[in-house]
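got a structure for you, letters missing:
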């Protein structure tokens, strides 16, 4: 399964969750439900994954944590805010660079329509 196939499953799961729960819950609630739903769909998902910085042979555990990493291929950064700020996309791009992963999804469950709350971020560029 490649990154785009994983992303399609994630987007469908996020859509189903948003339809049933709507906006307005805490990010942690959406994270727990999405984690459970993706695992029900047979995907390997790690949550609250440490993202260290490697510098001159030194590993720095700085407290960066990716919300979810799916199939060791796609990082999910979840939000439940009225509006995503540019810094949220930059944060996800940094996680992609530090983990050498190619694709990330910034999912904001705070949007009225979930399609407006999903942004693909590719290592090396913002979509």
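Alright, I've got the coordinates. None of these values were measured; they are calculated from a predicted model.

would you list every one of the helices in this structure?
3-21, 27-40, 86-99 (DSSP state H).

wait, which of these is closest to residue 112?
Comparison of the helices of the chain against residue 112 by CB to CB identifies helix 3-21 as nearest, at 9.5 Å. Heads up, the C-betas are built off the backbone N, CA and C, glycines and all.

So the spatially most central residue of the chain versus residue 66, what's the distance?
Taking CA atoms, centre = their mean, the centroid of the chain lies closest to residue 76, which sits 1.0 Å from it. Residue 76 sits 8 Å away from residue 66, going by CB to CB, to the nearest Å.

In CSV, list the helices of the chain along with mean neighbour count and distance to residue 47.
Shown next, in CSV, are those (neighbours: other CB atoms under 10 Å; distance: least, CB to CB, whole Å):
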stretch, mean neighbour count, distance to residue 47
helix 3-21, 16, 13
helix 27-40, 17, 5
helix 86-99, 16, 14
